[in-house]
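Peer 1: How does the following fold in three dimensions:
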Amino acid sequence: MSSLLHSMVLLADSWMRRSGSSLKDRHRVSALDSAVGTQGTTTEIRVLRAAACDLYDVLCTAPDGRQALSDLGFEPLPQNGKGE
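Peer 2: So this is what the prediction gives:
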């Protein structure tokens, strides 16, 4: 698997952790809610979490990206109702 894709997954996870969350919890967080919601957090934290969500979503759009997420222990979001 591409080291670039693995690096992108690790970058998204790093951003999510710096924002006080985890990429493993991505299914509970949306980019939009992260960017505009969550009282008590700074704008920088909200934007960082939203960027992590967006990068994760981009990775989920391609089979190689989903494989990279899976390789590193993150469950990729399914692309359709059949999990593809």
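Peer 1: which residue is nearest the middle of the protein?
Peer 2: Centre of the chain computed as the mean C-alpha position; nearest residue by CA atoms, centre = their mean is residue 56, 3.2 Å away.
Peer 1: which helices and strands sit right next to the helix or strand harbouring residue 59?
Peer 2: Using DSSP states H and E, residue 59 sits within helix 43-60. Under the contact criterion of 3 or more CB pairs under 8 Å, 6 or more residues apart in numbering; DSSP states H and E, helix 43-60 touches helix 3-18, helix 31-36, helix 63-71. Every residue, glycine included, has its C-beta placed from N, CA and C.
Peer 1: give the contact list for the residue lying closest to residue 64 once chain neighbours are set aside.
Peer 2: Leaving aside its sequence neighbours, residue 64 sits nearest to residue 5 (CB to CB, 6 or more residues apart in numbering; 5.8 Å). Counting by CB atoms under 8 Å, 6 or more residues apart in numbering, residue 5 touches 59, 64, 65, 67, 68.
Peer 1: picking up where we left off before, and the helices and strands packed on helix 43-60, which one averages the lowest pLDDT?
Peer 2: Ranked by mean pLDDT, these end with helix 31-36 at the bottom, a mean of 60.
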